[in-house]
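Enquirer: Predicted model, plus sequence, below.
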Amino acid sequence: MTLRPATVIIENLSPLDEGGRYPLKRIVGESLHLEADIYKEGHDLVSARLQWRKVGESHWHHCPMVPIPNGNDRWRGTCAFFENARFEFTICAWSDGFRSWQHEFHAKFKAAQPDLKTETLEGALLLEHAAIRAEQAGHSTDASRLRKLAAEMRLGAPAEVNNLAHLPELEALMGTYPELAEATEFYIDPPATNTLVIAESSPNWIPRYPRVTVDRREALYAAWYEFFPRSAEGRCDKGSTFRDCLERVEDAQAMGFNVIYFPPIHPIGMTARKGRNNAVTCEPGEPGVPYAIGNRHQGCPNGGGHCDVAPELGTLEDFDWLVGEIRSRGMELALDFAINCSPDHPYVDAHPGWFFKRPDGTIKYAENPPKKYQDVYPLNFHNPDWKALWEELTNVVLFWARRGVRIFRVDNPHTKPLALWEFMIGKVQHEFPDTVFLSEAFTRPKMMLALAKAGFTQSYTYFSWRNSKQELIEYFNTLTSPEMADFFRPNLWPNTPDILPIMLQQGGRAAFLMRAALTTLLSPVYGIYSGFELCENAALPNKEEYLDSEKYQWKARDWNAPGNIKGFITKLNRIRKENRALHDFRNLRFHPVENEQMLFFSKLTEARDNLLLVVISLDPYGSQGGFVHVPLDLLGIGASDVYQVHDLLTDARYLWSGPRNFVELHPDERIAHVFRVRRKVFHETDYEMYI
């Protein structure tokens, strides 16, 4: 391997985590803003460009980087990605011979030095070399033009040469065909340090570049609706089937949801099957817990495991039919990927070594003291046959992906090795780049972030337990910080089948309205578990768990019960759809409001053509009012300007001026204001209007 000194120093690239260990995350059409320190010894001028390409391709796309004014050799560049794929990127920097000559010639000319013949010939030679590079690139027209300009330069007087050197056309041509023979590229694993680069190709070393995973739009902007297909009809005397789910799907569609999420749909074991409210004894006819997966005794076509559906729900053909019906309505299905095995799972007989054993040789069931899960056997991911286990679980996900499922909510990923997820997600997304993985990990913050870095597209959050103004602001400021936002995409849930927060238990219907507003407006991706729209809040005593949870039984429901908030949710989803500012997460900014029971924040598009101000009451029991401090500079509004705020929830319009304005909210349908800011303009006929 032959090494040579780098001609330019490139360091402190940002954003970059752990030296490029993990890929950044972006959405199709979203920009990546990069900065780095770029400099070299001496007085020669440096040029740099940002380069990116799809992994596996050879051709680089590129755009210029520019020095930040007064940035102490800090440079900035921006690129955008328009394909759902994995990309790699780098910075290429070089000593720019033309710009250095241009600067030197201009200085000598301004100093009225008498003889600039040598300098003139040097410049002409630079143009002629660029013409050769243009010709090699197949651009003969540019080559001819460069040679013509070089000839003019050779014959020109100093003043003519100086003017020619600053001709915009020439600067553009020389920037298009730079001399890169001694350019420096940024690698995430150079063989020694950043001061050494590869001068000759070597079969022993291939440079690795930082990467970015570019996901489809639904990875960042989506509304999930979760329901158990066996309770689709809302009956307590019998279970529903896949063919009975369309009415529930269409109801969710009418509310504005675009992802239908099913808990596990696989065969349920009989051994140690749990009964109503997690009773150890299951009464005859009780359906069992869907998370106790696997029943090899039911004669299912694929052995009764993770690649089968519960016979009581229908067949795989019925499932395929439902997936098609959901897609035909502009929606898609998300499946729960729970790596749980009932004692009746086919793995128990076929691969007993994949499970934990007690000293007496029997398989150990799952526990989370004081909770016991006698109906579930956990897998040992570090068993001697771990490679086969990891491949098998990956093939399970691929099985469903090949049947049209492209979204997976993964149950408790923090209890499995991070390396498993890097392996699985990488392999699945290699075949299906549009696959979305949601991490259901309520655990230590560092582990939640590590899972996101390992490849999870979205992540559950602690939002369910953040209620006060201070808690919400501190938590979401953390989530929007660059070190989090480059990897961690929050998917907010006000409730789940496992979690019924105290606020919802005690706050009544107004608490559901409040949490719906917070959930839908703080994050572009969120979900609700069915029953939320009905304000279901019956809980087990002193627990954050539902009484008569449908995890253990069929659930009786009137889907249009009086007091439901379906209309409010529909309105919120419509507002989300119509306002692009709500399709982003990084643009969340909190602002002062003179009341600790009110939250005030803004969401703005980068182009400032969609400006939203949101005020939400945090009190489900009484009215609250206070002065909000509007960020006029952020909105591009003058201190004395009059502007209109249009409440998208009520269609009311108000004229405001200055930063301090009063709002009042009530614990009913007026639990929030979603103001679209409309600035005053004058029509050509001189009448005022707001846009």
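Expert: Sure, I can see it. As the structure is a prediction and not an experimental result, all values here were calculated from the model.
Enquirer: can you tell me how far residue 36 sits from residue 318?
Expert: Distance, residue 36 to residue 318, using CB to CB, to the nearest Å: 54 Å. Yep, even glycine has a C-beta here, placed from its N, CA and C like the rest.
Enquirer: out of these two, which sits in the busier spot?
Expert: Between residue 36 and residue 318, counted using other CB atoms under 10 Å, the more crowded position is residue 36 (22 against 15).
Enquirer: which SSE is that one in?
Expert: For residue 36, the host element (DSSP states H and E) is strand 31-39.
Enquirer: Looking at that strand now, give me its mean pLDDT.
Expert: Across strand 31-39, pLDDT averages out at 96.
Enquirer: Give me the buried positions along the helix or strand just after it.
Expert: Following strand 31-39 in sequence order, the next helix or strand is strand 46-54 (DSSP H and E). Judged by neighbour count using 16 or more other CB atoms under 10 Å, the buried positions of strand 46-54 are 46-53.
Enquirer: how about whatever helix or strand comes next after strand 46-54: buried residues?
Expert: Following strand 46-54 in sequence order, the next helix or strand is strand 61-64 (DSSP H and E). Applying a neighbour-count criterion of 16+ other CB under 10 Å, one finds 61-62 buried in strand 61-64.
Enquirer: next SSE after strand 61-64?
Expert: Note on strand 61-64: by DSSP H and E, the next helix or strand toward the C-terminus is strand 66-67.
Enquirer: For the helix or strand following that next one, C-alpha coordinates in CSV please.
Expert: As assigned by DSSP H and E, the chain's next helix or strand after strand 66-67 is strand 74-80. Taking C-alpha atoms only, strand 74-80 is exported to CSV below (Å, rounded to 0.1, in the frame of the first residue of the first chain):
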residue,chain,number,x,y,z
ARG,A,74,-15.3,26.2,8.8
TRP,A,75,-17.0,25.1,5.5
ARG,A,76,-20.6,24.2,4.7
GLY,A,77,-22.4,22.2,2.1
THR,A,78,-25.9,20.9,1.4
CYS,A,79,-27.2,18.0,-0.6
ALA,A,80,-30.6,16.4,-1.0
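Enquirer: Strand 74-80 vs strand 46-54, what angle?
Expert: Relative orientation of strand 74-80 versus strand 46-54 (axes from the mean of the first three to the mean of the last three CA atoms, to 10 degrees): 30 degrees.
Enquirer: Strand 74-80 vs strand 31-39, what angle?
Expert: Taking the same axes, to 10 degrees, strand 74-80 and strand 31-39 form an angle of 150 degrees between their directions.
Enquirer: Could I get the buried residues of strand 46-54 in CSV, plus columns for pLDDT and distance to residue 128?
Expert: Listed next are these as CSV, based on pLDDT from 0 to 100; distance: CB to CB, whole Å:
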residue, pLDDT, distance to residue 128
46, 96, 23
47, 97, 19
48, 97, 24
49, 97, 23
50, 97, 28
51, 97, 26
52, 97, 31
53, 97, 30
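Enquirer: For the residues you listed, name the two members farthest from one another.
Expert: 46 and 53 (22.8 Å; CB to CB).
Enquirer: hmm, back to that, just name whatever secondary elements the strand holding residue 36 is in contact with.
Expert: strand 9-14, strand 46-54, strand 74-80, strand 85-95 (3 or more CB pairs under 8 Å, 6 or more residues apart in numbering; DSSP states H and E).
Enquirer: Tell me the buried residues in that strand?
Expert: In strand 31-39, counting by 16+ other CB under 10 Å, buried: 32, 34-36, 38.
Enquirer: Which residues does that strand contact?
Expert: Contact with strand 31-39 is made by 8-15, 24, 26, 46, 48, 50, 52, 65, 67-68, 72-81, 89, 91, 93, 186, 212, as judged by CB atoms under 8 Å, 6 or more residues apart in numbering.
Enquirer: mind redoing it with 7 Å?
Expert: Strand 31-39 is contacted by residues 8-14, 24, 26, 46, 48, 50, 73-80, 91, 93, 212 when judged by CB atoms under 7 Å, 6 or more residues apart in numbering.
Enquirer: got it, and stretch 351-367?
Expert: Residues contacting stretch 351-367 (CB under 7 Å, 6+ apart): 347-348, 373-374, 376-380, 383-385, 389.
Enquirer: try 6 Å this time
Expert: Residues from elsewhere that reach stretch 351-367, judged by CB atoms under 6 Å, 6 or more residues apart in numbering: 347, 373-374, 376-380, 383, 385, 389.
Enquirer: Neighbour count, pLDDT and distance to residue 156 for those residues - can I get that in a markdown table?
Expert: A markdown table is the format used below for the contacts of stretch 351-367 (neighbours: other CB atoms under 10 Å; pLDDT from 0 to 100; distance: CB to CB, whole Å):
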| residue | neighbour count | pLDDT | distance to residue 156 |
| --- | --- | --- | --- |
| 347 | 21 | 98 | 81 |
| 373 | 18 | 87 | 86 |
| 374 | 16 | 89 | 91 |
| 376 | 23 | 94 | 84 |
| 377 | 27 | 95 | 85 |
| 378 | 20 | 94 | 81 |
| 379 | 21 | 97 | 78 |
| 380 | 16 | 97 | 79 |
| 383 | 17 | 97 | 78 |
| 385 | 12 | 97 | 78 |
| 389 | 20 | 98 | 75 |
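Enquirer: Pick out the most distant pair among these.
Expert: Farthest-apart pair in the contacts of stretch 351-367 is 374 and 385; separation 25.1 Å (CB to CB).
Enquirer: Show me what the strand or helix carrying residue 132 is packed against.
Expert: Following DSSP H and E, the helix or strand that holds residue 132 is helix 117-136. Helices and strands touching helix 117-136, by 3 or more CB pairs under 6 Å, 6 or more residues apart in numbering; DSSP states H and E, are helix 97-110, helix 140-155.
Enquirer: same for the first one, what does it pack against?
Expert: Using 3+ CB pairs under 6 Å, 6+ apart as the contact criterion, the elements in contact with helix 97-110 are helix 117-136, helix 158-165.
Enquirer: How is this protein partitioned into domains?
Expert: What the record gives for the chain is the domain set 3-214, 589-690, from automatic domain parsing.
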